[in-house]
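S.K.: give me coordinates for this.
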Amino acid sequence: MAGWSLAFIIVIIGLALLFDFINGMNDAANSVATIVATRVLSPRWAVVWAAFFNFVAAFFFGVHVATTIGKGIVETSVVTPPLILSTLLGAIVWSYLCTHMGFPISVSHSLVGGLVGSALVKSGFRSLLVPGLLKVFLFIFLAPFMGLVLGYIIMIVLYWIVRKKPVRTVERWFRKLQLLSAALYSLGHGTNDAQKTMGIIALLLFSTGYLGPTFYVPLWVILSCYFAIAMGTLMGGWRVIETLGMKMTKLKPIHGFSAETAAAISILFSSVIGAPVSTTHTITGSIIGVGATTKFKSIRWGIAYRIVWAWIFTIPGSALLSVVFWWIISLIRSSP
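M.R.: From the prediction side, this is the model:
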């Protein structure tokens with residue numbers, strides 16, 4: 001699409017990478033909450049571990065989620081740089097506010113909400129692609145349910161396997177195994193979440209003619225998005241880590257291993273089929289499923305309910321903010 005300066009495109013790409021960085025900060029909690037709660041690693045070393053595997057994920061599992069975001073949510077013909085800009089601003093502001101308040105919200109869904117809100121205010125309902133949106137909405141519910149069920153099943157199986165083993169032996173085993181499960185979860189987190197920003201950047205480049213006639217995700221976009229999310233994870237989101245890892249339920253290494261493994265399986269499966277899931281939803285469901293194998297009352301449901309309300313409001317909240325930013329940008333562009 002002609003008429004848009006390269007400098008403007010570069011600024012928007014920089015903003016997208018900032019969003020990816022914030023995503024990593026918010027979701028640092030998801031990657032390290034259980035391994036911190038079980039005292040296997042200190043918070044500082046836990047985020048280094050998670051950030052490394054966030055970036056390594058660039059070399060696995062393809063770009064199926066990026067393709068869904070880039071081509072499956074809104075019609076590419078209605079996309080313009082101001083639309084992408086308002087999408088990112090809405091998602092960033094919503095994510096920042098929730099992270100600042102300690103809510104482990106879905107940063108991914110804030111991006112989807114922002115894209116939907118901007119497209120709606122620009123071109124109406126005809127601009128939305130129903131199949132892609134249905135996939136997103138389906139996994140809002142399916143992701144935490146998968147994590148919960150898998151967490152519960154894995155925990156029951158492990159209880160049976162170690163039922164005759166000394167407690168100290170079990171703890172020693174799973175302190176080591178949890179390093180592997182945390183690495184696997186961080187691979188899944190990087191694979192799914194970094195690709196959402198890739199999809200937005202690729203959509204911007206495609207809509208402005210920089211990709212040519214065929215949509216694809218350039219290698220430099222892939223590497224820069226994985227690097228940004230890894231750096232965000234490295235910085236950490238300490239208030240959210242406290243909410244997920246320390247307040248929701250009490251965990252031991254065997255519980256942490258089960259929760260991370262269950263979440264990793266769910267996220268990697270979703271990534272392979274191109275479903276943009278919420279890693280926050282998934283690890284939270286897994287922690288609840290694991291906690292439920294002891295006593296349901298061991299889960300601090302007040303914290304869980306607070307998180308659920310944040311989930312519910314994320315898409316409409318970020319969509320509304322993006323609409324506001326679209327109007328502001330439109331006023332600025334139309335002013336003499």
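S.K.: next structured bit after the longest helix along the chain?
M.R.: Counting residues, the longest helix found in the chain (DSSP state H) is helix 167-207. Scanning forward in sequence from helix 167-207 by DSSP states H and E, the next helix or strand is helix 219-235.
S.K.: quick check: angle from that following helix to helix 167-207?
M.R.: Interaxial angle, helix 219-235 versus helix 167-207 (axes from the mean of the first three to the mean of the last three CA atoms, to 10 degrees): 140 degrees.
S.K.: mind giving me the packing neighbours of helix 219-235?
M.R.: Under the contact criterion of 3 or more CB pairs under 8 Å, 6 or more residues apart in numbering; DSSP states H and E, helix 219-235 touches helix 6-37, helix 43-56, helix 167-207. Bear in mind the C-beta positions are built from the backbone N, C-alpha and C, glycine included.
S.K.: just give me the lowest mean pLDDT stretch among these.
M.R.: When these are compared by mean pLDDT, helix 6-37 comes last with a mean of 82.
S.K.: which pLDDT value goes with I329?
M.R.: You'll see I329 listed with a pLDDT of 92.
S.K.: what's the helix or strand for it?
M.R.: I329 is part of helix 301-334 when elements are defined by DSSP H and E.
S.K.: what helix or strand is I287 on?
M.R.: Applying DSSP H and E as the criterion places I287 in helix 279-291.
S.K.: what's the average pLDDT for that helix?
M.R.: For helix 279-291, mean pLDDT rounds to 83.
S.K.: name the helices or strands packed onto it?
M.R.: In terms of contacts (3+ CB pairs under 8 Å, 6+ apart), helix 279-291 is packed against helix 6-37, helix 130-161, helix 167-207, helix 253-272, helix 301-334.
S.K.: and the fourth one, what's buried?
M.R.: Looking back up the chat, that one is helix 253-272. By neighbour count on 16 or more other CB atoms under 10 Å, the buried set for helix 253-272 is 253-268, 270-271.
S.K.: roughly how far is the helix holding I287 from the heart of the chain?
M.R.: Chain-centre distance of helix 279-291: 14 Å, with CA atoms, centre = their mean, to the nearest Å.
S.K.: and what of stretch 161-172?
M.R.: 34 Å.
S.K.: quick revisit: out of the helices and strands packed on helix 279-291, which one sits most buried?
M.R.: Comparing the helices and strands packed on helix 279-291 by mean neighbour count (mean count of other CB atoms under 10 Å), helix 253-272 ranks first with a mean of 26.
S.K.: which elements pack onto that helix?
M.R.: On a contact count with 3+ CB pairs under 8 Å, 6+ apart, helix 253-272 meets helix 6-37, helix 64-72, helix 130-161, helix 167-207, helix 279-291.
S.K.: so which of these gets nearest V107?
M.R.: When the helices and strands packed on helix 253-272 are compared by CB to CB, helix 6-37 sits nearest V107, at 4.3 Å.
S.K.: ok so, going back, with distance to S318 added, can I get the helices and strands packed on helix 253-272 in CSV?
M.R.: Below are these laid out as CSV (distance: least, CB to CB, whole Å):
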stretch, distance to S318
helix 6-37, 11
helix 64-72, 14
helix 130-161, 13
helix 167-207, 13
helix 279-291, 14
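S.K.: between those helices, which gets nearest to S106?
M.R.: helix 279-291 (5.1 Å).
S.K.: what is the orientation angle of that closest one with helix 6-37?
M.R.: 10 degrees.
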